[in-house]
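In: structure for the following, please:
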Amino acid sequence: MNNVLIFGCNGFVGKYLASEFGHSGYRVFASGRLECDESLNRCVKSYITADLTDFEKVCDLIADVKPDMIINLAAVSSVAESWSMPQRTVEINLVGTLNILEAVRKLRLDPKILLVGSSEEYAISNNKMNEKFPIAANNPYGLSKVAQEHFAELYRKEYGLRIICTRTFNHTGYGQSEAFAIPSFVKQVARIHNSGKPGTIKVGNLDVRRDWGDVRDMAKAYRMILESESKEMIFNVGSGYIYRLSDILNYIISLSNQTINVEIDPTKLRPIDNPVIWCDNSKIRKEIGWEPQYTVYDAINEMFNKMTGN
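Out: Numbers count the residues shown, from 1 in each chain. Below is the predicted model:
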């Protein structure tokens, strides 16, 4: 039975990923900056509290676990938050990653390492983006992930580390922070629905179009990538379908029987907002055999039902 170590496991995706690996026969060792979330207890062998920016702590943790696989989910993952704290974004997203790579190098271990990147690394385009598409991040979050990839390439070439990078597109599901549009919309609509009265929700830019998937599909993709014998080092992970945010909002509103008004909140608008982000996932389909099993509407329905007690 292989040991898998997941950094940032206390976050949104981490809980789903721990469950994915746990139900697939792995010993899951989880780590996060905060105390263990109770929902993780069912699918992890051990949870270790650690700040990824503390190199000695990271090194000791990896030495103890001796993982066969490492996944780094720890990140400032919201574009909006990255604009408000660019220094912290670089510290966690880049320095934290370097601490993992340096620890593995120093300990002379040979795990497969998955570094989760982002579609925000790509240049702005109205077309589908494949892995050869131009890189031109225009926000602190995207830039931190571009730098992560460059260091991954350096550590592959200079030290022989087995590092695979994803460029993951938008995904959602129950438990995602309200800093992201879809869970924010669902929670506001669910609150109005539960009140039994009309209400108003506040939103940001609704004109963007995004490739949204279900977090459960992303977790499965990460496991399949690490299990694969493919020699490819970079994979897009996304649904391959594009949605206008205004259409997503209208669908969420339609789930309630209350009259709901919509107001634009200037504080929710970003300095720069890519108009279209669309995934070409043909490579992961061909190389790994991964296929999405859910749609963004499956994720929305699950969120709404849990928030309204249905």
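
In: and the strands in the stretch 1-150 of the chain, which stretches?
Out: 3-7, 27-32, 46-49, 69-72, 112-118 (DSSP state E, counting those that start in this stretch).

In: would you map the helices across the stretch 201-310 of the chain?
Out: 215-227, 245-254, 282-288, 296-308 (DSSP state H, counting those that start in this stretch).

In: winner for burial among the ones you listed?
Out: helix 215-227 (a mean of 22; mean count of other CB atoms under 10 Å). For glycine as for every other residue, the C-beta is placed from the backbone atoms N, C-alpha and C.

In: just put the strands of the stretch 1-150 of the chain in a markdown table and tack on distance to Ile272.
Out: Converted to a markdown table, the strands of the stretch 1-150 of the chain look like this (distance: least, CB to CB, whole Å):
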| stretch | distance to Ile272 |
| --- | --- |
| strand 3-7 | 29 |
| strand 27-32 | 30 |
| strand 46-49 | 35 |
| strand 69-72 | 26 |
| strand 112-118 | 15 |
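
In: of all the helices of the stretch 201-310 of the chain, which one is nearest Glu102?
Out: helix 215-227 (20.7 Å; CB to CB).

In: contact partners of that closest one?
Out: Outside helix 215-227, the residues that touch it by CB atoms under 8 Å, 6 or more residues apart in numbering are 4, 12-13, 16-17, 19-21, 24, 69, 71, 112, 114, 116, 164, 166, 168, 171-173, 176, 235, 237, 239, 284, 288-290, 292-294, 299.

In: one more time with 7 Å
Out: 12-13, 16-17, 20-21, 24, 69, 71, 112, 114, 164, 168, 171-173, 235, 237, 284, 288, 290, 292-294, 299 (CB atoms under 7 Å, 6 or more residues apart in numbering).

In: buried ones among these?
Out: By neighbour count, with 16 or more other CB atoms under 10 Å, the contacts of helix 215-227 hold 12-13, 16-17, 20-21, 69, 71, 112, 114, 164, 168, 171-173, 235, 237, 284, 288, 290, 292, 294, 299 as buried.
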